[in-house]
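> Sequence and predicted structure below; questions after.
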Protein chains: 2
Amino acid sequence: MTEEKKRGITVKKTENFSEWFTQICSEQGAQLVDIRYGIQGFIVHRPWAMKVLNRIYTLLEQAVEADGHEPHLFPTVILEDNLTKEAEHAGFIPDVFWVTQAGEHTLEKKWALRPTGETQIYPMYSLWIRSYNDLPYKGYQSRHTTFRHEMTTRPFLRGREFMFFETHDVFATHKEALTQIKVDMQIMDEVIRDKLKVPFIFFRRPQWDKFKGADDTYASDSLLPDGRRLQISSTHDLGHNFAEAFNITFHNKDGKEEFGWQTCFGPGIWRIMACLIGIHGDDTGLILPFDLGPQQIVIIPILKGNDTDEEVKTYCEDLKTALKQYRVIIDDSDNSPGYKYNHWEMKGVPLRIEIGSREAAQGTITLARRLGEKKTTVKQEDLNNAIITLANELDTDIGRRAEAYFKDRIKHAQTKEELIHVIKNHRGFVTVPFCTTNNEGAVCAEHIKADTGGADVCGVPLAHAQEPKKDDVCVQCGKKATVIVYCAKSV
Amino acid sequence: MTEEKKRGITVKKTENFSEWFTQICSEQGAQLVDIRYGIQGFIVHRPWAMKVLNRIYTLLEQAVEADGHEPHLFPTVILEDNLTKEAEHAGFIPDVFWVTQAGEHTLEKKWALRPTGETQIYPMYSLWIRSYNDLPYKGYQSRHTTFRHEMTTRPFLRGREFMFFETHDVFATHKEALTQIKVDMQIMDEVIRDKLKVPFIFFRRPQWDKFKGADDTYASDSLLPDGRRLQISSTHDLGHNFAEAFNITFHNKDGKEEFGWQTCFGPGIWRIMACLIGIHGDDTGLILPFDLGPQQIVIIPILKGNDTDEEVKTYCEDLKTALKQYRVIIDDSDNSPGYKYNHWEMKGVPLRIEIGSREAAQGTITLARRLGEKKTTVKQEDLNNAIITLANELDTDIGRRAEAYFKDRIKHAQTKEELIHVIKNHRGFVTVPFCTTNNEGAVCAEHIKADTGGADVCGVPLAHAQEPKKDDVCVQCGKKATVIVYCAKSV
């Protein structure tokens, strides 16, 4: 019981989000990761995190499979020659870890630990895709990791090895590729917004902020509680760039050879997890949507050390059996009820059932939900409805809170001065009239970044983009505004 | 339709298993892997294989979780210092790939691509385990890969990167550790024998054939159709060896510090897949148990190019909807019915439904099963029962065939001459009286290996071990036999 004192988060999320995040991830918090592995940026994922992460993976797998994607798995290493074949993409080289030795021997050609999948997957697509009958070709890799030599690292935000999920599609036409980008947006909506209750905007990035080798990059940005923007997915319109570099062609219906149009979609598993932790959690711990709980319901027997205890224990076991459609745990450890409440609140278990001698004698159940004040006592026949109601209420509240926060973090500025002022006093997105997201706008974006102490031009939302008003001018250069862009500081 | 001619296996499994295996894995077969990735021993897993492999992973995950294991995930790389901490285990060093560079920089300390998990997991266990309350500690890693610098490589049999699954347990007593080994054997029985229909024997290995760093190694050996033994799982009784090297201790109930007793269990995902492919498949392709089919049922519309076609198509769609509890695909491609039959037989889809105008008009369904001669036509109301019956028959037949083959491959020899003779003319296991599986028996085992052209002493079965008869003597040294061991040549 000496452990009881060590657990718990010692800072307020609203006052010091960074430290709060560190603590909730750690041993004293929800025990999600361990950073004591001994190699910077390479962390250990502990069971509670793995169960949530596996659920996120499963939801994404189901979504992309419903959209016709098939799973494949490629090696962890990539030949240097392939990595450099697409000229722009070769820009990854400085960030790559290299395998150079096998036992005592030096490899003739060194291998890169994969920084992303394109250059390992597309040489094979070139072999597999032959005719228009093979298109669209939709593949995905899940539950694997990638590697980048980052200088600063933090769990779920930036790692040297981090969890990955990627689809890679080839189409006969650019139109189909553009449609796929909207489908990817829908998948983000269905999984990340609707199920995980994480809000975001799906942007078309400015031309100067594209993925190395893409014609266009689309990316979802969410906001952490400190108002900093976090990119949680990207979809790249790769055009013909990789198809030309890796010779991905097909014979069309007329028998002519054409290059395939490619897209790839990468929801950032780690960063989605960071949002789930950061946006929903509070000062007593994680808060998880009902579907995401590794345990959805914890049953806590309240024992008195007298002869009603056996009855209470049996009643708890019977309840667990009756609730077998849910993930349920009975905490029958030696700890005090108060310790147990704290423990499972820290873990974010959505519902708690408390069973004492009164409940056992009367055949009732006392329920409490995470992110709720009051307890409810119901009869056995009403238990299932009560669970469904409380679970829905919890999910609705989590979602509403998150959306309200997100909405509140979007302000508008009409001039550069206003922008600087708002960025200084407000954290989140600021919309401004802007000259262009084509490459000519890059200089304006640089000035804005310098003068606001780091705010980026994030792009224009793919859905519901605002049109500039007739007289709107770019906040930087004063030229006629062609777009309303979002600006924000990034993690 | 020009593709039709290229597909299919051109050798008989009984005549040239090695080539049959290569072909069934490849483009011309069931399209399971692609070995054209460009780095020896690093292969691409294609969708059909991934779906079967994911199902195997899921079955194992469910089994070890039911036994109290929790998932965790460790990095792909291991510090050299950790890898060498346990003296015997350091024997892995010559087989290890090393990461030595980050971008242009040389790493101060090189990292190994993990050859197995012990030396990365146990330093963390040392931090996490404090008291007897933390025991037993049961963790597992799934859906990841490990790396070894093998000289010869083959898909699913030996790779430089291959799929891994590993549990790592810590107990307060050696007795509990020994019990866990029996539980691991039960998991192999429940998943691999009962669900995958792959037969094996769970051996206690001779002392000279232990895992580097183990006190005892237990391992399952199956037999490929060419009679060669394939190890498909191992469970190591690690004693205190790693606990001492990595300081995994706990305070017992008296407050005294003790070392933990450790075991680890690794079903070989790849090799289990090799058995599934090799043991069940035939000259027309894969044969999969009903539960393992990425598609369990294929519906093939037989179109006539007349006005009944639309009715047939609608009927197929309705059937698919009616069978939504199964994984069902309608093959509505332009290929001929014959091509489709061959295609889905190659893929090992357990059941085929054929729907022509007669079926559509009469409201009947014609069913055929893989590994069966005759077709059955049933009424719609009998369809579900027919599917259950055919699926069960298929599974039973697959299992019976496999067990019959396995049983037939076990012979007995009473003398060295007999052993040499049987090994020469028969492929599979040969049981012989043997002096001892303690280290003193190593010399006899070496002689046997040399004189039989490669047969190993595999050990003694953990369950149902035969006792030597009173006068039995070791086939090699002539000393009194203390054990009946199994000998076999290995893959």
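Yep, that arrived. In this text, all values refer to a predicted model and were calculated from it rather than measured experimentally. Numbering: from 1, shown residues only, chains lettered A, B, ... in the order given.

> Give me the residues contacting the strand or helix carrying A:Glu359.
Take DSSP states H and E as the rule and A:Glu359 turns out to sit in helix A:357-362. For helix A:357-362, contacts defined as CB atoms under 8 Å, 6 or more residues apart in numbering or on different chains pick out A:Ile302, A:Lys304, A:Thr308, A:Glu311, A:Val312, A:Thr314, A:Tyr315, A:Thr364, A:Ile365, A:Thr366, A:Thr377. (Each C-beta comes from the backbone N, C-alpha and C, glycine too.)

> check contacts around the third one.
Going back to what we said before, that points to A:Thr308. A:Ser357, A:Ala360, A:Ala361.

> Quick check: phi and psi at A:Pro155.
phi -50, psi 130 (degrees, to the nearest 10).

> Identify the residues contacting it.
A:Cys25, A:Leu32, A:Val33, A:Ile35, A:Ile43, A:Trp270.

> let's see it at 10 Å
A:21-22, A:25-26, A:32-35, A:41, A:43-45, A:49, A:162, A:270, A:273-274, A:277 (CB atoms under 10 Å, 6 or more residues apart in numbering or on different chains).

> just A:Tyr137 next, same as before
A:68-70, A:125, A:128-129, A:168-172, A:248, A:250, A:260, A:262.

> and the residues you listed, which of them are in strands?
A:Glu70, A:His168, A:Asp169, A:Val170, A:Phe171, A:Phe250, A:Gln262 (DSSP state E).

> Pick the one among these closest to A:Asp209.
Ranking the ones in strands among the contacts of A:Tyr137 by separation from A:Asp209, with CB to CB as the measure, puts A:Gln262 on top at 19.5 Å.

> That closest one - how many residues pack around it?
A:Gln262: 29 surrounding residues under other CB atoms under 10 Å in any protein chain shown.

> Helices of the stretch 251-400 of chain A, start to end?
Shown for the stretch 251-400 of chain A, the helices assigned by DSSP state H, counting those that start in this stretch span residues A:269-280, A:309-322, A:337-346, A:357-362, A:383-408.

> Compare the contacts of helix A:357-362 and tell me which has the most neighbours.
Result: A:Ile365 is most packed of the contacts of helix A:357-362 (other CB under 10 Å), 24 neighbours.

> Which strand residues bridge the closest residue to A:Ala465 other than its chain neighbours?
Once flanking residues are discounted, A:Ala465 sits nearest to A:Ile484: 7.1 Å by CB to CB, 6 or more residues apart in numbering or on different chains. Beta-bridge pairing for A:Ile484 (DSSP bridges): A:Pro433.

> Can you tell me how far A:Ile484 is from B:Lys195?
57 Å (CB to CB, to the nearest Å).

> go on, A:Phe202?
42 Å.

> The two: who's more crowded?
Shown here are A:Phe202 and B:Lys195; by other CB under 10 Å, A:Phe202 has more neighbours (24 against 18).

> mind listing what the more buried one touches?
A:181-182, A:184-186, A:188-189, A:193, A:218-221, A:232-233, A:235, A:459, A:461-464.

> can I get the CA coordinates of the host helix or strand of A:Ile187 in PDB?
Using DSSP H and E, A:Ile187 sits within helix A:174-187. C-alpha atoms of helix A:174-187 as PDB (Å, rounded to 0.1, in the frame of the first residue of the first chain):
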ATOM      1  CA  HIS A 174      -6.300  11.400 -61.600                       C
ATOM      2  CA  LYS A 175     -10.000  12.000 -61.000                       C
ATOM      3  CA  GLU A 176     -10.200   8.700 -59.100                       C
ATOM      4  CA  ALA A 177      -7.100   9.700 -57.100                       C
ATOM      5  CA  LEU A 178      -8.800  12.900 -56.100                       C
ATOM      6  CA  THR A 179     -11.900  11.000 -55.100                       C
ATOM      7  CA  GLN A 180      -9.800   8.700 -52.900                       C
ATOM      8  CA  ILE A 181      -8.500  11.800 -51.000                       C
ATOM      9  CA  LYS A 182     -12.100  12.600 -50.000                       C
ATOM     10  CA  VAL A 183     -12.700   9.000 -49.000                       C
ATOM     11  CA  ASP A 184      -9.600   9.200 -46.800                       C
ATOM     12  CA  MET A 185     -11.100  12.300 -45.200                       C
ATOM     13  CA  GLN A 186     -14.300  10.400 -44.600                       C
ATOM     14  CA  ILE A 187     -12.300   7.600 -42.900                       C
END
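
> now A:Arg36, nearest residue through space, not along the chain?
Nearest to A:Arg36 is B:Leu127, by CB to CB, 6+ apart, at 6.3 Å.

> related to what we said a few turns ago, ok, the residue nearest to A:Ala465 - contacts?
Counted by CB under 10 Å, 6+ apart, A:Ile484 has contacts A:412, A:431-434, A:460-461, A:465-469, A:472.

> What about these, which are in strands?
Counting by DSSP E, the part of those found in strands is A:His412, A:Thr431, A:Val432, A:Pro433, A:Phe434, A:Val460, A:Pro461.

> My guess is the first one contacts A:Val422. True?
This points to A:His412. Yes: using CB atoms under 10 Å, A:His412 makes contact with A:Val422 at a distance of 8.3 Å.

> Looking at these two, which one has more neighbours?
A:Val422 (21 against 14).

> give me the element that one is part of.
helix A:416-425.

> Dig out what the residue of the stretch 151-300 of chain A found nearest chain B forms beta bridges with.
Using CB to the nearest CB, the single residue of the stretch 151-300 of chain A nearest to chain B is A:Glu161, 5.4 Å away. Beta-bridge pairing of A:Glu161 under DSSP bridges involves A:Phe147.

> List the residues that contact it.
Here A:Glu161 is in contact with A:37, A:39, A:41-43, A:97, A:113, A:145-148, A:153, B:73-77 (CB under 10 Å, 6+ apart).

> How about stretch A:20-28 and chain B, any contact?
Yes: using CB under 10 Å from any CB of the partner chain, stretch A:20-28 reaches chain B at A:Glu27.

> How about the contacts made by the closest residue to A:Lys12 other than its chain neighbours?
Spatial nearest neighbour of A:Lys12, chain neighbours left out: A:Asp283 (5.6 Å); criterion: CB to CB, 6+ apart. A:Asp283 makes contact with A:Gly8, A:Ile9, A:Thr10, A:Val11, A:Lys12, A:Lys13, A:Thr14, A:Glu15, A:Trp20, A:Ile24 under the criterion CB under 10 Å, 6+ apart.

> Show me which pair in those is furthest apart.
A:Gly8 and A:Thr14 (16.7 Å).

> need the residues of the stretch 101-250 of chain A near chain B, please.
So the stretch 101-250 of chain A meets chain B at A:101-107, A:109-113, A:120-121, A:123-124, A:127-128, A:130-131, A:133, A:138-150, A:159-161, A:163 (CB under 10 Å from any CB).

> Apply 8 Å and report the result again.
Where the stretch 101-250 of chain A comes near chain B, counting by CB under 8 Å from any CB of the partner chain, the residues are A:101-104, A:110-111, A:113, A:120, A:123-124, A:127-128, A:139, A:143-145, A:147, A:149, A:161.

> quick one on the thing from earlier: are any of the contacts of A:Tyr137 buried, and if so which?
A:69-70, A:125, A:128-129, A:168-172, A:248, A:250, A:260, A:262 (16 or more other CB atoms under 10 Å in any protein chain shown).

> Including pLDDT, could those residues go into JSON lines?
Written out in JSON lines, the entries for the buried ones among the contacts of A:Tyr137 read as follows (pLDDT from 0 to 100):
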{"residue": "A:His69", "pLDDT": "98"}
{"residue": "A:Glu70", "pLDDT": "98"}
{"residue": "A:Tyr125", "pLDDT": "98"}
{"residue": "A:Trp128", "pLDDT": "97"}
{"residue": "A:Ile129", "pLDDT": "97"}
{"residue": "A:His168", "pLDDT": "98"}
{"residue": "A:Asp169", "pLDDT": "98"}
{"residue": "A:Val170", "pLDDT": "98"}
{"residue": "A:Phe171", "pLDDT": "98"}
{"residue": "A:Ala172", "pLDDT": "98"}
{"residue": "A:Ile248", "pLDDT": "98"}
{"residue": "A:Phe250", "pLDDT": "98"}
{"residue": "A:Gly260", "pLDDT": "98"}
{"residue": "A:Gln262", "pLDDT": "98"}
